[in-house]
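Visitor: Okay, predicted coordinates and the sequence, questions at the end:
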Amino acid sequence: MDYRIDVEGHGLLYFTITRESKRNAVNFQVMEGLKKAIERAKEDDIKALVVTGEGERAFCSGGDLSEFHALKTESEAYEMLSKMGKILYELATLPKPTIALINGTAVGGGCEIATACDFRIARRNTKLGFIQGSLAITTGWGGGTLLLERVQPSIGLKILSEAAVYKSDSLHSVGFIDQLVDHVNKEAVEVFLEKMSTIHSSVLSAYKQTIIRKWLETNLYTRMEQEMRTCAILWEREPHHEAVAQFLNKKKSKAK
Ligand SMILES: CC[C@H](C(=O)O)C(=O)SCCNC(=O)CCNC(=O)[C@H](O)C(C)(C)COP(=O)(O)OP(=O)(O)OC[C@H]1O[C@@H](n2cnc3c(N)ncnc32)[C@H](O)[C@@H]1OP(=O)(O)O
């Protein structure tokens, strides 16, 4: 199984991507698992949902290039992108606290998953980057649209446009990372949630509904869908296919 869903004490549901050898890259099985975890998190016994990755090397390295490079056309790409985009919208609008527990490198779609969570806890000195631009595409799971909701738009636009890899410490200084920790573990989550966990879940849900109402009024999902469509258009073009081939050829030459 490429993911794990665990219910821990105090009503915390953990969704863990368990593809460490692929730096926790997202394939269709991981997408299905995240969808299941979000549905499970809606049940009354769950107070919060935590998304994390297996191991210490990576939180998530984005879409599985060895699986998704087979998607050649705009419509093939849009089918995959919109599948995950819908899941990230469900994650963003879950009426309970959601936390990305960033245990290692987060790039591409991995940053999009982290952005769909309400809060981000990251180990100091971890690398994060919306690197899609370096593959001649934009974000494609709605994560770029969500980033512009999470941080000051000029900062979000710079992060997306540079397609650079930053340290978690610098992203903490701009408010993208909510908590830096030395050790990424369940205790870090419990410390982060300590005060919130004393508040009745109906209050937490009501506050989350406040931001969801704003997103409904400002057509968040429509804006995320437009991002998916733009990404699909760029996906079909030669520069993207060349960039992915370059990554996969690097893999091959490494394997020799
Ligand atoms: C809309 C989202 C969009 C999409 O595709 O849907 C994206 O997410 S675009 C961005 C896609 N992701 C990437 O381009 C990241 C590629 N990976 C890396 O840059 C590095 O692997 C990194 C920085 C994540 C980790 O570097 P490190 O040196 O620690 O590990 P290796 O590069 O040696 O990788 C180990 C192993 O994992 C495989 N791997 C890593 N990332 C992916 C990936 N995204 N898809 C498939 N496979 C991946 C890598 O090929 C190595 O495999 P091996 O069989 O051992 O050669």
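Guide: Received it, and whenever you're ready, just let me know what you need.
Visitor: now stretch 198-217: how far from the chain's centre is it?
Guide: Remark: stretch 198-217 is offset 21 Å from the chain centroid, using CA atoms, centre = their mean, to the nearest Å.
Visitor: Go through that stretch and flag the buried ones.
Guide: 201, 204, 208, 212, 215 (16 or more other CB atoms under 10 Å). Backbone N, C-alpha and C define where each C-beta goes, glycine included.
Visitor: so what's the first one up against?
Guide: Taking CB atoms under 8 Å, 6 or more residues apart in numbering as the definition of contact, the neighbours of Ser201 are 47, 96.
Visitor: Would you mind measuring from it to Leu216?
Guide: Per CB to CB, to the nearest Å, Ser201 is found 21 Å from Leu216.
Visitor: For the closest residue in space to Gly104 that isn't next to it in sequence, give the beta-bridge partners.
Guide: Closest residue to Gly104 apart from its sequence neighbours, by CB to CB, 6 or more residues apart in numbering: Ala58 at 4.3 Å. Under the criterion DSSP bridges, Ala58 forms beta bridges with Thr105.
Visitor: and the gap between Ala58 and the ligand?
Guide: Computed as CB to the nearest ligand atom, to the nearest Å, the Ala58 to the ligand distance reads 6 Å.
Visitor: Neighbours of Leu161, how many?
Guide: If you look again at residue 161, you'll see it is Ser, not Leu. By other CB atoms under 10 Å, 11 other residues sit near Ser161.
Visitor: Go ahead and confirm it touches Ile131.
Guide: No: using CB atoms under 8 Å, Ser161 is not in contact with Ile131, being 11.9 Å away.
Visitor: Please enumerate residues in contact with stretch 31-46?
Guide: 1-3, 5, 7, 11-13, 15, 17, 48-49, 51, 83-84, 87, 90-91, 94, 96, 98, 113.
Visitor: Keep these, but drop any that are not near the ligand.
Guide: Among those, not one lies near the ligand by CB under 6 Å from any ligand atom.
Visitor: List only buried entries from those.
Guide: Buried subset of the contacts of stretch 31-46 (neighbour count, 16+ other CB under 10 Å): 2-3, 5, 11-13, 15, 17, 48-49, 51, 84, 87, 90-91, 94, 96, 98, 113.
Visitor: where does this protein dip in pLDDT?
Guide: Residue ranges of the chain with pLDDT under 70: 251, 254-256.
Visitor: residue closest to the middle of it?
Guide: Geometric centre of the chain, nearest residue: Ile113, 0.9 Å, by CA atoms, centre = their mean.
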